[in-house]
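**Q** Dropping a prediction and its sequence here:
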Amino acid sequence: MEIPILTSYVVSITSKDCWIFYKMTLLILSTLSLPLTAICYFYSKIKLCIFFALIFFVSNIIFAHGLLYEDYTLFFYLLLLLCVVFPVLCLTAFALDVKYGIFCIDTSFSSIIAWIFSPILLPINLIILYLGN
């Protein structure tokens, strides 16, 4: 008498499927964290604003690294300098000026500069993703 062998169907997950899931997760994180950062900034919730801004920056950096670093390393670093390092330095200068009065000029424009340059990274990532890299 034969015993029927139950075969299980194993779903094979390829690295391409993982990369798509990974990209979509980063895309959702970065898309949701930007308006949450703006809302927290508007309502003066500084710690939450910093938390969501960190999520936005880190997810966009990882996303841009996956899309650009292999083929366009110089463009990746220039993009990070313009869209991450420059706004963070402006906000740091603004915070130091408010707390300690280091600079002799009005640095309130630096928060405007940060809000102009920070969100640029997300549409650039979306355009590169759309073009298929």
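**A** Done, it's in.
**Q** Please make it C-alpha for all contacts and neighbour counts, starting now.
**A** Noted.
**Q** buried sites along stretch 123-133?
**A** Using 16 or more other CA atoms under 10 Å as the test for burial, stretch 123-133 gives residue 125.
**Q** Distance from stretch 91-98 to the middle of the chain?
**A** The chain centroid and the centroid of stretch 91-98 are separated by 22 Å under CA atoms, centre = their mean, to the nearest Å.
**Q** give me the low-pLDDT residue ranges for the chain?
**A** 1-14, 133 (pLDDT under 70).
**Q** For it, just list every one of the strands.
**A** Read by DSSP state E, the chain holds no strands at all.
**Q** report the longest helix in it, please.
**A** helix 15-42 (DSSP state H).
**Q** What residues sit buried inside it?
**A** Neighbour-count burial for helix 15-42, counted by 16+ other CA under 10 Å, picks out 23, 26-27, 29-31, 33-34, 36-37, 40-41.
**Q** same check, this time on stretch 45-55
**A** Across stretch 45-55, burial judged by 16+ other CA under 10 Å covers 49, 52-55.
**Q** One more: stretch 73-82?
**A** Applying 16+ other CA under 10 Å to stretch 73-82 flags 76, 79-80 as buried.
**Q** Residue 87 touches residue 109, doesn't it?
**A** No: using CA atoms under 8 Å, residue 87 is not in contact with residue 109; the gap is 11.2 Å.
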